[in-house]
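# After the sequence you'll find the predicted model.
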Amino acid sequence: MLKVAVLSFAHVHAAAYLRLLRAMPGVEVLGSDPDTGSAAPGEVRGAALAASLGVPYADTYDEAFAWGPDAVLVCSENARHRPLVERAAAQGVDVLCEKPLATTVADGEAMVAACRAAGVRLAVAHPVRFSPAYAAVKRAVAAGDTGRVLTVSGANNGHLPTRARRWFADRELAGGGALMDHTVHIADLVDDLFGARPLEVYAQTNNLLYEGETDVETSGLVTVAYDNGTVVTIDCSWSHPRSHHSWGGLEMTVVGEHATLEMDAFDQKVHGYSERDARGVELPFGVNLDERMLHAFLHGPAPDGPTVPDGESALRTLRIVTASYTSAHTGMPVPISH
């Protein structure tokens, strides 16, 4: 039996991971969420969330590690990733860390170094790599169907996430706002698609959508130039209204010399309208990207399937994010250090 501990329920994905792990054959799951100080009134965390999901619970991280996990999932606030990852490394336990890897490059580098020195795996939760739509795009690019890729335009939009977890708009705990939250998914796909080095970034942000409600940026546009000549733009905004029937989505257009490819990572849905609720509805079907990612992390990738991104690749995307903040602050393009 493979023993997996979920450390912290701060991230909104923690509950989904607990459900999936509980249902996986050959997996025994334990949850621990002692740091609930960032939770807002009405947010269900800790033992109450574990009980509602039927998952065993440890009151402290000490108890969780004493349980002897084979792997841990770190789902804490972004700024609290490092100590939990370093603790897992010190105990020789493989880690799947929520994205972004950290809020600073220094923390990210320390996490990668700690896991490398301990000989443990550090993986980062970028489930969109497991999308069938992205797999089709990657195959087409690799086969040369597009010719040389000239530009990539991506959008990772969603609603202001503070209704689910208040800390997402806490500058100290999250490291920023929409730019920190939503740039990394598309930056990770591009990292996997080309293996090219990002050279320079230019970014603009604003808080026009929720001015007066939060002091972090709620909209952003990031432009990245790569050493293979490709230019990538990323719309990373929390631009969906609260009444929107979907939490968000991820779309990407790849423009090549010979063809243009379009993908929507989360559009395996039947769309309709509810007269009773007077709003649009979506009924999802198809694969569960989180489930595929967890299976690849715990048991290895499927034949010809993707691997979970490692700490090094997540560090590259984090460098794009931190350079983007500098660019947004100065109004100038910023070179990306390596």
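Received, thanks.

# need the helices for the stretch 151-300 of the chain, in chain order.
171-174, 178-182, 184-194, 289-299 (DSSP state H, counting those that start in this stretch).

# Quick one: residues in contact with stretch 324-336.
Outside stretch 324-336, the residues within contact range by Cβ atoms under 8 Å, 6 or more residues apart in numbering are 176, 179-180, 183, 198-205, 217, 220, 222, 224, 319-320, 323. To be clear about C-beta, it is placed using only N, CA and C from the backbone, and glycine gets the same treatment.

# Quick check: strands, which of those are part of them?
Among the contacts of stretch 324-336, DSSP state E puts 198-205, 220, 222, 224 in strands.

# Now the two most distant members of those.
With Cβ to Cβ as the measure, no two of those lie farther apart than 199 and 205, at 20.8 Å.

# Hmm, residue 44 and residue 51 touching each other?
No - counting by Cβ atoms under 8 Å, residue 51 stays clear of residue 44, with 9.8 Å between them.

# Point out the other helices and strands that the helix or strand bottoming out on mean pLDDT in the chain packs with.
Within the chain, no helix or strand scores below strand 279-284, which has a mean of 76 by mean pLDDT, DSSP states H and E. Here strand 279-284 touches strand 269-274, going by 3 or more Cβ pairs under 8 Å, 6 or more residues apart in numbering; DSSP states H and E.

# The strand it packs on versus strand 279-284: what angle between them?
Put simply, strand 269-274 runs at 150 degrees to strand 279-284, going by axes from the mean of the first three to the mean of the last three Cα atoms, to 10 degrees.

# Direction included, what does strand 269-274 pair up with?
When pairing is defined by DSSP bridges, strand 269-274 lines up against strand 279-284 (antiparallel).

# before we move on, the earlier item: can you select the buried ones from the ones in strands among the contacts of stretch 324-336 in PyMOL?
Buried residues within the ones in strands among the contacts of stretch 324-336, by 16 or more other Cβ atoms under 10 Å, are selected in PyMOL with:
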select buried, resi 198+200+201+202+203+205+220+222+224
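
# next one: stretch 232-249 to chain centre, how far?
In terms of Cα atoms, centre = their mean, to the nearest Å, the centre of stretch 232-249 is set 15 Å apart from its chain centre.

# can you tell me the helix or strand for the residue most central in space within the chain?
Compute the mean C-alpha point of the chain, and by Cα atoms, centre = their mean the closest residue is residue 99, 3.9 Å away. In this assignment (DSSP states H and E), residue 99 forms part of neither any helix nor any strand.

# and it, how far is that from residue 180?
10 Å (Cβ to Cβ, to the nearest Å).

# Can you tell me how far residue 318 is from residue 117?
Distance, residue 318 to residue 117, by Cβ to Cβ: 19 Å.
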